[in-house]
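In: Pasting the sequence and the predicted coordinates here, then a few questions.
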Amino acid sequence: MIFVESEFAPLRTVVLAESEFGMPRYPREEDVKFLTPEARAELYTKTGMDYGDAYPESQQAWIKEREAFKTVLLKYGVEVLRPRRLTDAEKKAGGDEGYANFFSRDPFFTVGNLVIESAMRLLHRRQEVLPVRDIILERVYPADCVYVASPRPEVAAADDLTLGPGPFIEGGDVLVLGKHIFVGSSGLASNPLGARWLEKLLHPYGYTLEIVRLQPDILHLDCALGLIKEGLMVVCEAAFKDGIPERLRSWDRINVTYEETTNLATNGLPLSPEVYVTDPVFRHIGDQVAGHGITVEYVDFRITRSLGGSFRCSTQPLLRKS
């Protein structure tokens, strides 16, 4: 079965990301401003290299982080699927832009019983859905669900820092709350044209869509907002250009600072309304979550976070249903 009812409905089946990254040879400052200064320095020091070749110790630690997270998922009965690794041909095709197979949240996403391939903005991520296609073939094709791909983004001029009109729509920007869908837009990932396309797709199925404008150095909506259970969220209000969305303003808030947002403080993952996973560096946030009667599991995700994502970014649910 394929179905995602909300961000916190019990997680049954999930795609957990691989750990592959080919760093762009000529990274554009505009495209990496969401990273911490330390992460940007790492990127610019070893441009054009495979992350594992450039930083072998960090690569091994990164793999271990994902395995530790998998252990927690299995502990709570979640079925864990893994993408295949990139082929040599796929890596070569990335050229100077590099390649990615490291955050399964963004290249495709699930809303209700619709599985949607994204239209990625950053050039090194444009082909990131390919390692997931085997899972789609095995699980999505036989299921009673819709499977569709977003329109291919237009080709932009080499000096166009916006990377063109898109459309761009990425899973990290798409938050599901029943029939209401929030889509983030900062200029770094999803854009209004991508949201407009998604709204056109979802409207016949009874969904409403709300664009949430973000500050220009916030990559995705899930880097500023996490829905933990009905009525409870972790949020950085300063990350929103227009304030917290009206639909969520009555919810209880666990507030985080802008600096914590940059370090992915809101990007924990509910396994259900009763269980939440976050990094031990955010134990002060976890303690507040636990104060609402929720069990909090901790996994060290330092390397993963340094690359611009965390627990939600590393997972794509295929089944979340009460």
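Out: Perfect, I can see it now.

In: Could you verify my assumption that residue 23 touches residue 45?
Out: No: counting by Cβ atoms under 8 Å, residue 45 is not a contact partner of residue 23; they are 9.4 Å apart. Any C-beta I mention is one placed from the backbone N, CA and C, and that applies to glycine too.

In: now the strands for the stretch 201-322 of the chain?
Out: Along the stretch 201-322 of the chain, counting by DSSP state E, counting those that start in this stretch, strands occupy 208-213, 225-229, 232-235, 252-255, 269-272, 275-278, 295-298, 315-320.

In: The stretch 1-150 of the chain now?
Out: Ranges of strands within the stretch 1-150 of the chain are 3-4, 11-16, 20-22, 79-81, 99-101, 108-111, 114-117, 146-149, based on DSSP E, counting those that start in this stretch.

In: Any idea which helix or strand in the protein has the lowest mean pLDDT?
Out: Using mean pLDDT, DSSP states H and E, the weakest-scoring helix or strand in the chain turns out to be helix 37-45, at a mean of 85.

In: ok, and what's touching it?
Out: Helix 37-45 has contacts (Cβ atoms under 8 Å, 6 or more residues apart in numbering) with 23-24, 27, 32, 35, 54-55, 306-308.

In: Recalculate using a threshold of 10 Å.
Out: 21, 23-24, 27, 29, 32-36, 49, 51, 54-55, 58, 98, 262, 305-308 (Cβ atoms under 10 Å, 6 or more residues apart in numbering).

In: From the residues you listed, list the buried ones, please.
Out: Neighbour-count burial within those applies to 21, 23-24, 27, 32, 34-35, 49, 51, 54-55, 58, 98, 262, 305-308; the criterion is 16 or more other Cβ atoms under 10 Å.

In: Deepest in the core, which of the strands of the stretch 1-150 of the chain is it.
Out: Greatest average neighbour count among the strands of the stretch 1-150 of the chain goes to strand 99-101 (a mean of 26), per mean count of other Cβ atoms under 10 Å.

In: That one: how far from the chain's middle?
Out: Taking the mean of its C-alpha atoms, strand 99-101 sits 14 Å from the chain's own mean (Cα atoms, centre = their mean, to the nearest Å).

In: Equivalent analysis for stretch 66-81, please.
Out: Distance, stretch centre to chain centre, for stretch 66-81: 17 Å (Cα atoms, centre = their mean).

In: Output that stretch in PDB with nothing but the alpha carbons.
Out: Backbone C-alpha positions of stretch 66-81 (Å, rounded to 0.1, in the frame of the first residue of the first chain) are rendered in PDB as follows:
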ATOM      1  CA  ARG A  66      22.600   6.200   8.600                       C
ATOM      2  CA  GLU A  67      23.000   2.600   9.900                       C
ATOM      3  CA  ALA A  68      22.300   3.700  13.400                       C
ATOM      4  CA  PHE A  69      19.200   5.500  12.300                       C
ATOM      5  CA  LYS A  70      18.100   2.400  10.400                       C
ATOM      6  CA  THR A  71      18.400   0.500  13.700                       C
ATOM      7  CA  VAL A  72      16.000   2.900  15.400                       C
ATOM      8  CA  LEU A  73      13.500   2.600  12.500                       C
ATOM      9  CA  LEU A  74      13.600  -1.200  12.700                       C
ATOM     10  CA  LYS A  75      13.200  -1.100  16.500                       C
ATOM     11  CA  TYR A  76       9.800   0.500  15.900                       C
ATOM     12  CA  GLY A  77       8.700  -1.900  13.200                       C
ATOM     13  CA  VAL A  78       9.300   0.400  10.200                       C
ATOM     14  CA  GLU A  79      10.100  -1.400   6.900                       C
ATOM     15  CA  VAL A  80      13.300   0.200   5.600                       C
ATOM     16  CA  LEU A  81      14.100   0.300   1.800                       C
END
